[in-house]
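1. Predicted coordinates and the sequence they were generated for:
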Amino acid sequence: MVTRMEWSEVFRAVITSLREELPRDLREVHWKSAGSQAKAWYGNSAIHYEIWVRRSARVVEIGLHFEADDLTNARLLGAFRSRRREVERALGPDARIEEWDKGWTRVWEPFSVDDPALGERVRSRFVGYVRALEPILREELPEDVPWTLAEATTEPKAPTSPRRSRSARR
């Protein structure tokens with residue numbers, strides 16, 4: 001079981017893993033951690049991956065959160081629901097795609113704080129979520145959503161193709 005003090009270590013391991021294990025075009029990620037939460041994002045901080053340690057509920061949640069405006073959140077929820085089978089193939093049946101609080105939506109999964117391998121499981125699954133979901137997000141992201149990728153700091157970044165949602169290409 002991971003204690004309060006050890007979460008900072010888990011968070012450091014997560015960001016290190018993101019920058020070492022992900023494909024080159026996903027390594028330049030924004031990162032912020034404080035206390036019992038950590039967030040990673042690419043082009044818009046309102047659309048981010050999150051680790052949330054909920055001690056009172058005895059769970060740790062990880063997932064991709066859509067915390068933008070209601071329309072953007074609803075469109076992304078619909079896009080991910082339409083690709084549910086692809087998400088399940090990549091992440092397994094425990095990944096949930098749902099509406100959440102304040103008009104937010106998310107693709108997420110909870111872990112028990114009693115899991116003896118919790119820190120490693122969170123690290124591994126978080127990297128898996130980014131690897132599986134970021135390509136879908138970039139494909140489905142509506143053109144009118146603000147999005148600016150971080151500049152490469154250590155390695156040259158491969159050029160990216162223009163983002164267009166599937167519905168905009170029809």
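-> Great, that's in hand.

2. Mind giving me the packing neighbours of the longest helix seen in the chain?
-> In the chain, taking DSSP state H as the definition, the longest helix is helix 118-140. When contacts are defined as 3 or more C-beta pairs under 8 Å, 6 or more residues apart in numbering; DSSP states H and E, helix 118-140 sits against helix 4-21, strand 47-54, strand 59-66, helix 70-82, helix 84-91, strand 105-112. Glycine gets a C-beta too; all of them are placed from N, C-alpha and C.

3. where does this protein have low pLDDT?
-> 1, 3-5, 151-170 (pLDDT under 70).

4. Give the bridge partners for the most centrally placed residue in it, please.
-> By C-alpha atoms, centre = their mean, the chain has its centre lying nearest to Y49, at 2.6 Å. Beta-bridge partners of Y49, counted by DSSP bridges, are A40, L64.

5. Find the nearest non-adjacent residue to E6, please.
-> G119 (6.7 Å; C-beta to C-beta, 6 or more residues apart in numbering).

6. for the one you found, what are its contacts?
-> V2, E6, E9, V10, A13 (C-beta atoms under 8 Å, 6 or more residues apart in numbering).

7. same deal with S36?
-> R4, W7, W52, V53, R54, R55.

8. and W7, how many residues sit next to it?
-> Neighbour count of W7, defined by other C-beta atoms under 10 Å: 21.

9. what does the one 3 residues further on give?
-> The tally of other residues near V10 (other C-beta under 10 Å) stands at 20.

10. For it, which non-adjacent residue is spatially closest?
-> Using C-beta to C-beta, 6+ apart, the closest residue to V10 is G119 (4.4 Å).

11. do you know how far the one you found is from A46?
-> Using C-beta to C-beta, to the nearest Å, G119 is found at 27 Å from A46.

12. follow-up on the earlier one: which one of the contacts of G119 is nearest to G78?
-> V10 (32.6 Å; C-beta to C-beta).

13. just checking, the closest one touches T16?
-> No: with contact defined as C-beta atoms under 8 Å, V10 does not reach T16; the gap is 10.7 Å.

14. Kindly compare burial across the helices and strands packed on helix 118-140 and name the winner.
-> strand 59-66 (a mean of 23; mean count of other C-beta atoms under 10 Å).

15. Tell me what angle that strand forms with strand 105-112.
-> 170 degrees (axes from the mean of the first three to the mean of the last three C-alpha atoms, to 10 degrees).

16. what residues does strand 59-66 touch?
-> 46-54, 72-73, 76-77, 95, 100, 104-113, 118, 122, 125-126, 129, 133, 137.

17. run the last query once more with 7 Å
-> Residues from elsewhere that reach strand 59-66 (C-beta atoms under 7 Å, 6 or more residues apart in numbering): 47-54, 72-73, 76-77, 104-113, 118, 122, 125-126, 129, 133, 137.

18. Many thanks, I have nothing further to ask.
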